[in-house]
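*Asks:* Based on what follows, work out the 3D shape:
(chains A, B and C)
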Amino acid sequence: MITRKIAYLIQACGYRAHHIAAVTFTNKAAREMKQRVGSLLQGSPSRGLTVCTFHHLGLKIIQREAQALGRKSGFSIFDDQDSKALLKDLLLDHSDAAANLVDICQQQISNWKNSCLSPAAVVGTAESPQEERIVELYRRYEQALTSYNAVDFDDLITLPVQLLESNEQVRERWQNKIRYLLVDEYQDTNTSQYRLVQLIVGNRGKLTVVGDDDQSIYSWRGANPENLVQLEADFMGLKVVKLEQNYRSTNRILRAANTLIDNNPHIYDKKLWSEKGLGDTIQVVQVSNEEAETERIANQIIEQKLQRGARFKDFAVLVRSNHQSRLLELKLQAKQVPYHLTGGTSFFARGEIKDIMGYLRVLVNPDDDSAFLRIVNVPRRKIGISTLETLGQYSTERNCSLFAAIGELGLQQRMPEANYTRLQKLGDWFKALQRRVDNGYAMQAVREMVDDIDYLGWLHQNSSSTAVAERRMENVHFLLTSVAKGLLPKGSSTASRETDDEEALADRSAIVEDEDIEDEEQSSLEEVIKKLLLRDLLDQQSEEQADDKAQIMTLHASKGLEFPHVFIMGFEEDTLPHRNSVEDDNIEEERRLAYVGITRAQQTLTLTIARQRKQFGEMLQCQPSRFLEELPAEDLHRNGFSDGDDGAANAVKAKQTLDSLKGLFD
DNA sequence: AATCCTGGAGTTTTT
DNA sequence: CTCCAGGATT
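*Replies:* A predicted model of the protein is given here:
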């Protein structure tokens, strides 16, 4: 929808590509859209077209308007873990340690931000001492971020909103730059994102959004599907077009999807249909355990590939949560099925990646205390807690960052000579590297940095085996390659880059007429690190290598994508719907998640269920998902259900047996 | 300051 | 089963 409309705007309405922006929610969806636009627009100029995530658009705005926001350009982006660590620190001062208090606070603060509520705005609203403390924490959290010259993910939306709201000149600049805005998956927008949309569109109404309230799966992130309805009130002359013909799936798959989602309430009613014929029955496979489940999936991929003459990349395995992919990976490796795993925080959660990212962050933003603390004694520099405490006190007094405090004159008197010297050495080393970066030798400086600290040696020292150390170093190299690629002048690596290259050229002329917003992306180290922090660059790189590979991803990550053959793994109670959602009484969103998964399939769909699986090291009995019974029986082919009778009934029986057993012990 | 040990806690989903 | 924080030991 969006890509066709972009083509129409350019080819029929005479819009220049650099006046059009399309935003999505995930990097993957943005890349997919870019690709489709590219092939649709062959011949027409697509240079300067903006297709990116909401967060990336926000980043662009902050980047360009850093001055107006009072930020230095090297600012760091704190990810979830960073901000959690910061909150933990701030809470620790209060010597308060409820187990999940940090999570609660993080959630609350994020909710406030997503609703565009500043600390000042919520200060009077606290209804309990606990809430009051969170408000106070929020204030100090914001303060800390500012002093670290850092922003968190939510800020990438809220800061542009604040700026565009308060600064007319800036607002006009961006309204002039983006003359037509398109938003995909509109049901997933939250309050701050909707505000951003309103501010960019202004009252000209040059806006197209596509949304499906049945695919709203981000409510935990503040998404508000009511925003779809709100549009009718906010934009006069809004035209609503209902799209019910589906061009992707067979009718069996659509029937299953329709029947399932009928169990939910709807904002808009719709019935999907397609001209693709009835299609294959949906396979429901029950096996004894999680091992057999992955075995079955792997075998099916191999078998069907032969039978149907399909490619590996035609197969996708969708999971509810990331950890489910681990076993599957092992099995696919064993069976020599090439696969590609999308997303997951796993890569950035690795210690070695956090270390090197820490170094990179300090390199581009010395004020990033969080990054500094991570790397100051890794590898060991004999800079320990006592030294850091003194440094911390001093930096607080001087109202500067830890790194800046190293260079302050009075520090020497506060600590033993040896400790002071070690700090100086570290500071000087970093400054030298920074100079190399500034002089245009960024990549050399980065490689030198990793060599200087002998990170390989450190890994060998701290890994259980040389094999593990080598694996970790490989990850580091992967990261460094990504940085190198990001730094490369545009146009040299891939086909998709070539368009960027011409884009940049075409834009130079555009800069003049569009005031000073350039679309050309700098390839500075700063820029590259930010892209890394937005999880974009790495995905991009690994996707480039993903030629003919089976795809593994979460249901969330699969939205907006399509595959000829889809497996949904773990179609069980407590997995889908997830146990936490059952507890929170949030079944509807889980149902939508299943709906999203089912509607990814073009030709075949297979649901797998294990009778038992190991969790936390102990065997658990599993029962089929309640959603199974909400699918049309005539479209399902059940496989491996004992005595061919209803698996759900079996599961109920099993549960009853289990309950009665429990009763014996009680 | 670094290393080893123990116990406890934890697995939704993304930028 | 795995990852962590915190404590005790070297």
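*Asks:* A:Leu181 reaches A:Gly202, doesn't it?
*Replies:* No. Using Cβ atoms under 8 Å, A:Leu181 is not in contact with A:Gly202; the gap is 9.9 Å. C-beta here means a position set from N, CA and C on the backbone, and glycine is covered the same way.
*Asks:* give me every residue that touches the closest residue to DNA strand C within the stretch 101-250 of chain A.
*Replies:* Closest residue of the stretch 101-250 of chain A to DNA strand C, Cβ to the nearest atom of the strand: A:Val102 (10.5 Å). Residues counted as contacts of A:Val102 (Cβ atoms under 8 Å, 6 or more residues apart in numbering) are A:Lys84, A:Leu87, A:Lys88, A:Leu91.
*Asks:* mind listing the strands for chain A?
*Replies:* Taking DSSP state E, the strands of chain A run over residues A:20-24, A:50-53, A:76-78, A:150-152, A:180-183, A:207-209, A:282-289, A:315-319, A:339-341, A:550-554, A:563-568, A:601-615, A:618-621, A:636-639.
*Asks:* Tell me which of the ones you listed is the most buried.
*Replies:* Sort the strands of chain A by mean neighbour count, taking mean count of other Cβ atoms under 10 Å, and strand A:315-319 sits at the top with a mean of 26.
*Asks:* CA atoms only for it - export them in CSV, please.
*Replies:* Taking C-alpha atoms only, strand A:315-319 is exported to CSV below (Å, rounded to 0.1, in the frame of the first residue of the first chain):
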residue,chain,number,x,y,z
PHE,A,315,10.8,-21.1,5.0
ALA,A,316,10.2,-19.1,8.2
VAL,A,317,10.0,-20.4,11.7
LEU,A,318,8.2,-18.0,14.1
VAL,A,319,8.6,-18.1,17.8
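*Asks:* Now do that strand: everything it contacts.
*Replies:* For strand A:315-319, the external contacting residues (Cβ under 8 Å, 6+ apart) are A:297, A:301, A:304-305, A:325, A:328, A:550-555, A:558, A:561, A:563-570, A:597, A:600.
*Asks:* ok, which of those also contact DNA strand B?
*Replies:* Restricting the contacts of strand A:315-319 to those near DNA strand B by Cβ under 7 Å from any atom of the strand leaves A:Met553, A:Thr554.
*Asks:* By mean pLDDT, which helix or strand of chain A comes out lowest?
*Replies:* Here the helix or strand of chain A ranked lowest by mean pLDDT, DSSP states H and E is helix A:495-513, holding a mean of 39.
*Asks:* Low-confidence ranges, the stretch 551-666 of chain A, go.
*Replies:* In the predicted model of the stretch 551-666 of chain A, residues A:642-666 satisfy pLDDT under 70.
*Asks:* Do a quick rundown of the helices in it.
*Replies:* For the stretch 551-666 of chain A, the helices defined by DSSP state H, counting those that start in this stretch cover A:555-558, A:579-583, A:587-598, A:647-665.
*Asks:* buried residues in the third one?
*Replies:* Pointing back at helix A:587-598 there. A:Ile587, A:Glu588, A:Glu589, A:Glu590, A:Arg591, A:Arg592, A:Leu593, A:Ala594, A:Tyr595, A:Val596, A:Gly597, A:Ile598 (16 or more other Cβ atoms under 10 Å).
*Asks:* Output these in a markdown table, with distance to A:Tyr339 appended to each entry.
*Replies:* Below are these laid out as a markdown table (distance: Cβ to Cβ, whole Å):
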| residue | distance to A:Tyr339 |
| --- | --- |
| A:Ile587 | 31 |
| A:Glu588 | 32 |
| A:Glu589 | 28 |
| A:Glu590 | 26 |
| A:Arg591 | 28 |
| A:Arg592 | 26 |
| A:Leu593 | 22 |
| A:Ala594 | 23 |
| A:Tyr595 | 25 |
| A:Val596 | 21 |
| A:Gly597 | 18 |
| A:Ile598 | 21 |
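*Asks:* give me phi/psi at the closest residue to DNA strand B within chain A?
*Replies:* Distances from chain A to DNA strand B, computed as Cβ to the nearest atom of the strand, single out A:Gly384 as the nearest residue at 2.0 Å. In terms of degrees, to the nearest 10, the main-chain angles of A:Gly384 are phi -110, psi -170.
*Asks:* what residue ranges in the stretch 351-500 of chain A score low on pLDDT?
*Replies:* A:464, A:489-500.
*Asks:* How about the residues of it by DNA strand B?
*Replies:* Neighbours of DNA strand B within the stretch 351-500 of chain A, by Cβ under 7 Å from any atom of the strand: A:Asn377, A:Arg380, A:Arg381, A:Lys382, A:Ile383, A:Gly384, A:Ile385, A:Ser386, A:Thr387, A:Asn419, A:Gln461.
*Asks:* Now for the fourth one: which residues touch it?
*Replies:* Under the criterion of Cβ under 8 Å, 6+ apart, the contact partners of A:Lys382 comprise A:Ala418, A:Asn419, A:Arg422.
*Asks:* Derive a PyMOL selection command for the buried subset of the residues you listed.
*Replies:* Selecting only the buried entries of these in PyMOL, with 16+ other Cβ under 10 Å as the criterion:
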select buried, chain A and resi 419+422
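*Asks:* what's the neighbour count on A:Leu487?
*Replies:* 15 (other Cβ atoms under 10 Å).
*Asks:* and if you look at A:Lys72?
*Replies:* 10.
*Asks:* what do you get for A:Phe347?
*Replies:* Other residues close to A:Phe347 by other Cβ under 10 Å number 16.
*Asks:* isn't it right up against A:Arg472?
*Replies:* No. A:Phe347 lies out of contact with A:Arg472 (Cβ under 8 Å); the separation is 11.8 Å.
*Asks:* Pull up the residues of the stretch 151-300 of chain A that are close to DNA strand B.
*Replies:* Residues of the stretch 151-300 of chain A lying near DNA strand B (Cβ under 7 Å from any atom of the strand): A:Phe153, A:Asp154, A:Ile217, A:Trp220, A:Arg221.
*Asks:* Could you export the residues you listed as a markdown table, including distance to A:Gly392, pLDDT and neighbour count?
*Replies:* Below are these laid out as a markdown table (distance: Cβ to Cβ, whole Å; pLDDT from 0 to 100; neighbours: other Cβ atoms under 10 Å):
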| residue | distance to A:Gly392 | pLDDT | neighbour count |
| --- | --- | --- | --- |
| A:Phe153 | 26 | 91 | 20 |
| A:Asp154 | 26 | 93 | 22 |
| A:Ile217 | 42 | 92 | 22 |
| A:Trp220 | 35 | 87 | 13 |
| A:Arg221 | 34 | 86 | 15 |
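*Asks:* Just give me the closest of those to A:Pro338.
*Replies:* Relative to A:Pro338, the closest of these is A:Ile217; by Cβ to Cβ it sits at 28.5 Å.
*Asks:* where's the closest one relative to A:Leu576, distance?
*Replies:* 12 Å (Cβ to Cβ, to the nearest Å).
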